[in-house]
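Chemist: When you get a sec, could you give me coordinates for this:
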Amino acid sequence: MTTCSTNVTEPLAGTAKTGTFYVALEHLHGWGRDVSDGEAFGHELNEKITAHLRAARASLQLIRKPGRSGQHRKQRWLYLCYTGDGHTEPWMEKMAVDGPEDLLRLDLSGPGRNTHLGAQPTEDPIVLVCTHGKRDKCCALKGRPLAAAMQTCFYGDDVWESSHTKGHRFAPSMILLPWGYSFGRLASGPAIEMLKTFHQGQLFLPGNRGRGCFDAPGQVAELVVANALIGEGETVAPGSLIVEAADNEHEKSAGEALRRVIHPDGRTWDVYLEQRDVNNVITSCGDEPKKGRAWVAVSGA
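Modeler: All right, here's what the predicted structure looks like:
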């Protein structure tokens, strides 16, 4: 049977999970097919948590440490991550929790609002590897071994198994926080190198699907410029490039876009993009292939 993540015709760039606020909760029990379907927390508590997070436009990720040892931890952790939007800096904080009901005590109106509950800023990046088998079996079959392999090189809380991170057709799929970059189709060696590179303050391009604070054309534009700069020997820090819709965006026809990428030193690039058809897109394991659309840069950096 053809499975979703064996298809390599669809470009990765421009497919990142969008959003700027993540709540990642260590939760060892069943995640259900969807973390908000009531199976994980029970329906009554789930309704309260869902409403609380929706009001803050927060995306909930359920996480756990790879391997059997992760099932016997006495301490549970929760991360609040504001990815920034290009103009604002990322912010991530970490706190101990007793259970999912602690989510209802959180002030989700902005960074640094929960120090009274024990939340402390953390600068160490974390990667959430999707292993959500009930959502798509490729994520379990490919995500769990990848997370376990990465854990052998990072002994702290750098690597987590996670609920659905969007894009299971690119399994193993993962999100890198605090910047909100999505990745896909990485084997264990490149994935380990990816996390090491981010620890060194540098952007990693292989398998990079884009940064979720930007829309799909903006994600592609950032990676196009970053690739050009890195190819010229420059170092690009994660989250350092700003992407904006250019002034004449309204003049572009449907299926076309213009994005301006701004470097911290003031350099700018206008990247023109268009949507193109992609064949044999399999959105989930067992589905029939269909035609999709992908953003492609046609001129710019």
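Chemist: quick one: contacts for residue 139?
Modeler: Counting by Cβ atoms under 8 Å, 6 or more residues apart in numbering, residue 139 touches 130-133, 164, 168, 171-173. Glycine gets a C-beta too; all of them are placed from N, C-alpha and C.
Chemist: Look up the closest residue to it, ignoring the ones flanking it.
Modeler: residue 130 (4.5 Å; Cβ to Cβ, 6 or more residues apart in numbering).
Chemist: And for residue 194?
Modeler: In space, residue 194 is closest to residue 204, 4.4 Å off (Cβ to Cβ, 6+ apart).
Chemist: ok, the one you found touching residue 197?
Modeler: Yes. At 4.2 Å, residue 204 and residue 197 qualify as touching, with contact defined as Cβ atoms under 8 Å.
Chemist: quick one: the residue nearest to residue 194 is in a strand?
Modeler: No. When classified by DSSP: H, G, I helix; E, B strand; the rest coil, residue 204 is found to be coil rather than part of a strand.
Chemist: what about the stretch 1-150 of the chain, any weak spots by pLDDT?
Modeler: 1-8, 32, 38, 69-70, 72, 133-135 (pLDDT under 70).
Chemist: Show me the helices in it, by range?
Modeler: Remark: helices assigned in the stretch 1-150 of the chain by DSSP state H, counting those that start in this stretch are 43-55, 137-151.
Chemist: from the middle of its chain, how far away would the shortest one be?
Modeler: Average the C-alpha atoms of helix 43-55, do the same for its chain, and the two points are 22 Å apart (Cα atoms, centre = their mean, to the nearest Å).
Chemist: burial count for residue 162?
Modeler: Residue 162 has 26 neighbours, counted by other Cβ atoms under 10 Å.
Chemist: Show me what it bridges to in the sheet.
Modeler: Beta bridges link residue 162 to residue 63, residue 130, judged by DSSP bridges.
Chemist: Confirm for me that it is in contact with residue 175.
Modeler: Yes. In this structure residue 162 lies within contact range of residue 175 using Cβ under 8 Å: 7.2 Å.
Chemist: before we move on, the earlier item: counting neighbours around each, name which of residue 204 and residue 197 comes out higher.
Modeler: Using other Cβ under 10 Å, the more surrounded residue of residue 204 and residue 197 is residue 204, with 23 against 17.
Chemist: Quick check: the gap between that one and residue 114.
Modeler: For residue 204, the distance to residue 114 equals 30 Å [Cβ to Cβ, to the nearest Å].
Chemist: quick one: contacts for residue 94?
Modeler: Applying Cβ under 8 Å, 6+ apart, the residues near residue 94 are 77-80, 119-120, 122, 157.
Chemist: swap in residue 275?
Modeler: Here residue 275 is in contact with 255-256, 293-296 (criterion: Cβ under 8 Å, 6+ apart).
Chemist: ok, back up a step: which of the helices of the stretch 1-150 of the chain is buried the deepest?
Modeler: helix 137-151 (a mean of 21; mean count of other Cβ atoms under 10 Å).
Chemist: What score does the residue nearest to residue 194 have for pLDDT?
Modeler: Note for residue 204: predicted pLDDT of 98.
Chemist: In contact with it, which residues?
Modeler: When contacts are taken as Cβ under 8 Å, 6+ apart, residue 204 is in contact with 193-194, 197-198.
Chemist: what do you get for residue 18?
Modeler: 212-213, 215.
Chemist: switch to 6 Å and redo it
Modeler: Shown in contact with residue 18 (Cβ atoms under 6 Å, 6 or more residues apart in numbering): residue 212.
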